[in-house]
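Student: Fold the following.
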Amino acid sequence: MIVLYHHQNSVATVMDLESGTTIAVPDSGNIACSLLRLATDYPDRLLLWCDANYREELHLEKIPELFFYKKRMLSYGIGNFIPDAIGYVDESLFANPNRNVTFPTWQMHVTVGGIYAETLNALKDLKADRNFAFFLGSLAKQGMAIGLACCSEPLLFRKQLDPKIKTGPEASDQLLFRFVKHHYRGRWILMLLLNLFLYERKVTLLPFVLALFYKRRTLSGVALNNSTEQITDIKPFAFDVIIPTIGRKTFLYDVLRDLSAQTLKPKRVILIEQNPVADSSSELDYLTKESWPFEIIHRLIHQTGACNARNMALSFVQSEWVFLADDDIRFQSDFLEQASREIGKTGGKVFTLSCLQKDDIPKYTNRLQWENFGSGCSIVHRDALQGLKFDMRFENGFGEDTDFGMQLRNKGYDILYLPQPEILHLKAPVGGFRTRPVLEWQNDEVQPKPSPTVMLFRLLHYTEQQLLGYKTTLCIKFYTIQSDKNPIRYYKKFGKAWNRSTYWANVLKERS
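Tutor: A predicted model of the protein is given here:
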């Protein structure tokens, strides 16, 4: 390991921990330039940076354990360099990390962090910004898009920092606009300008104009994708499969046949069959008429709802890994074996797999940190599931799977997207909400927009700026597709629908 200690945006000293010697750097006034030079000169080493004021807090003994995967970039500190105003243009959870646990984010921190030199060298065309905090955020924002796993990691220090005391700088309005211009589509600096005026009454014309002269930054991920990966030994790979089902007898049978044909078979398949008709019997006669190469746990319930069904299924889990599946998917016979190999390359514990319909073109070909969570196409380690449930406040609505993903992240588990192996989603025309649920707000004179469960997710997990930015974007989006083009009349109508959604979301929020 090589540690670059810095102070007041300049290099203080560079230590080679293997030899115990110091390393001279040519440009001590540019930390980013020095880090890139170290990566070139020492391509097989792990590079760390640390604020000289926190030298004694650096948990050097823990470092090798944390960097178990070469395509990782970790940092830790209190406060974000890119301020909360980024939420006006970025609704992503990556913009607002939970600093108390391991959490995926591009908001890298100058206080302490690290990255492998091999990985840094694989990221071509990096700009060595003189502002080190800006450089780290830019590197992570671009890197995450091509497979670099970036996280805030409190275990880099021997003890967690006081959350009330910021340990790094915060970007000015000028740097904020520049960051947005570098890393988002051009229209977003206009949205930032608009939202800052609408909600904070800030006039930021000068930063806006200056940002217009900067170009979009992108990195080539070819070399990063070709870098060496070491497969972790995770055997024995035992897993259970959980499937909630309703009215899809034939489709479910095909899923079970695909599971039977697997080269790596599950220990058990947990089926929660839902039928809202009281005293009805199971339609899944093939469960007992045919033999299956795994244990089947089958429960018939007369309550519909994916949250309740999945929670019941989770209570029967015994194996180390759990495949959360839908009842209308198909996959190849080596699907689970191939998935286990991909998992072994990362050391992670939560994965959402590619799940596309026929003729869909895959949008992502790299393994990525994933913003969503697919409750019907994910593999999760049992440790990550301990103590978690799908939130019943989302039942019969939208957002329960995304909320479950946030529960996993707030427990310290990153979610990775695997482009291979693929799942084919048939989008079966039967099943789902066979009996339309009666929603509390469906008879309101003013119908809520967005859906109250969608709003609930945002109230639970968004910053104030992210919520307001979403409001502006939604208002513009709805205006372009509705027939009444009178802007004043439309805005009043939208405001009433938004307020009604907020009301019902808060009603749901108060429920346990």
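Student: Got phi/psi on residue 437?
Tutor: Main-chain torsions, residue 437, degrees, to the nearest 10: phi -70, psi 150.
Student: so what's it up against?
Tutor: Contacts for residue 437 (CB atoms under 8 Å, 6 or more residues apart in numbering) come out as 304-305, 396. Glycine gets a C-beta too; all of them are placed from N, C-alpha and C.
Student: Name the member of the residues you listed with the most neighbours.
Tutor: When neighbours are counted by other CB atoms under 10 Å, residue 305 leads the contacts of residue 437 with 22 neighbours.
Student: residues in contact with that one?
Tutor: With CB under 8 Å, 6+ apart, residue 305 has these contacts: 274, 392, 395-396, 437.
Student: repeat that for 6 Å
Tutor: Contacts for residue 305 were tallied using CB atoms under 6 Å, 6 or more residues apart in numbering; they are 395-396.
Student: Could I get the pLDDT score of it?
Tutor: In this model, residue 305 is scored at 92, pLDDT.
Student: Equivalent analysis for residue 236, please.
Tutor: At residue 236 the predicted local confidence, pLDDT, stands at 58.
Student: Equivalent analysis for the one 4 residues further on, please.
Tutor: We have a pLDDT of 98 for residue 240.
Student: what sits against it?
Tutor: Taking CB under 6 Å, 6+ apart, we find residue 240 in contact with 267-268, 317, 319, 322.
Student: What is the nearest of the residues you listed to residue 13?
Tutor: For these, the minimum distance to residue 13 (CB to CB) is 47.6 Å, reached by residue 322.
Student: Name the helix or strand for the closest one, please.
Tutor: Using DSSP states H and E, residue 322 maps to strand 321-325.
Student: Parallel or antiparallel, list what pairs with that strand.
Tutor: Partners of strand 321-325 in the sheet, by DSSP bridges, are strand 239-245 (parallel), strand 377-381 (antiparallel).
Student: For residue 142, find the nearest of these.
Tutor: Proximity to residue 142 (CB to CB) singles out strand 377-381 among the strands paired with strand 321-325, at 26.5 Å.
Student: contacts for the closest one?
Tutor: Counting by CB under 6 Å, 6+ apart, 321-324, 349-353, 355, 423 sit against strand 377-381.
Student: Buried among those residues? Make that a ChimeraX selection.
Tutor: To isolate in ChimeraX the members of the contacts of strand 377-381 that are buried, counting by 16 or more other CB atoms under 10 Å, one can use:
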select :321,322,323,324,349,350,351,352,353,355,423
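Student: Closest one to residue 286 out of the contacts of strand 377-381, please.
Tutor: Nearest to residue 286 out of the contacts of strand 377-381 is residue 323 (CB to CB; 20.3 Å).
Student: pretty sure that closest one is touching residue 241, no?
Tutor: Yes. Using CB atoms under 6 Å, residue 323 is in contact with residue 241, at 4.5 Å.
Student: about what we covered before: in CSV: the contacts of strand 377-381, plus distance to residue 245 and pLDDT.
Tutor: Output for the contacts of strand 377-381, formatted as CSV (distance: CB to CB, whole Å; pLDDT from 0 to 100):
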residue, distance to residue 245, pLDDT
321, 21, 97
322, 17, 98
323, 15, 98
324, 13, 98
349, 26, 95
350, 23, 98
351, 22, 98
352, 20, 98
353, 19, 97
355, 17, 96
423, 16, 97
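Student: possible to save the contacts of strand 377-381 as JSON lines with distance to residue 196?
Tutor: As requested, the contacts of strand 377-381 are exported to JSON lines (distance: CB to CB, whole Å):
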{"residue": "321", "distance to residue 196": "46"}
{"residue": "322", "distance to residue 196": "44"}
{"residue": "323", "distance to residue 196": "45"}
{"residue": "324", "distance to residue 196": "41"}
{"residue": "349", "distance to residue 196": "39"}
{"residue": "350", "distance to residue 196": "36"}
{"residue": "351", "distance to residue 196": "38"}
{"residue": "352", "distance to residue 196": "34"}
{"residue": "353", "distance to residue 196": "39"}
{"residue": "355", "distance to residue 196": "38"}
{"residue": "423", "distance to residue 196": "42"}
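Student: quick check, nearest of the contacts of strand 377-381 to residue 67?
Tutor: Proximity of the contacts of strand 377-381 to residue 67 (CB to CB) peaks at residue 349, which lies at 16.6 Å.
Student: Quick check: the closest one vs residue 321, distance?
Tutor: 9 Å (CB to CB, to the nearest Å).
Student: Paired strands for the longest strand belonging to the chain, with orientation please.
Tutor: Longest strand of the chain, by residue count under DSSP state E: strand 416-425. Strand pairing for strand 416-425, using DSSP bridges, gives strand 329-330 (antiparallel), strand 350-356 (parallel), strand 368-369 (antiparallel).
Student: Could you give me the buried positions within the very next helix or strand once past that strand?
Tutor: Moving toward the C-terminus from strand 416-425, the next helix or strand (DSSP H and E) is helix 452-461. Neighbour counts over helix 452-461 (16+ other CB under 10 Å) mark 452-459, 461 as buried.
Student: Mind putting those residues into CSV with distance to residue 123 and pLDDT?
Tutor: CSV is the format used below for the buried residues of helix 452-461 (distance: CB to CB, whole Å; pLDDT from 0 to 100):
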residue, distance to residue 123, pLDDT
452, 42, 97
453, 39, 96
454, 36, 96
455, 38, 98
456, 38, 98
457, 33, 97
458, 33, 97
459, 37, 97
461, 30, 97
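Student: Those into CSV, with extra columns for distance to residue 263?
Tutor: Output for these, formatted as CSV (distance: CB to CB, whole Å):
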residue, distance to residue 263
452, 45
453, 39
454, 40
455, 45
456, 42
457, 38
458, 42
459, 45
461, 39
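Student: just to revisit the earlier point, now for the strands paired with strand 416-425, which one comes closest to residue 339?
Tutor: When those are compared for distance to residue 339 using CB to CB, the nearest one is strand 350-356, at 6.7 Å.
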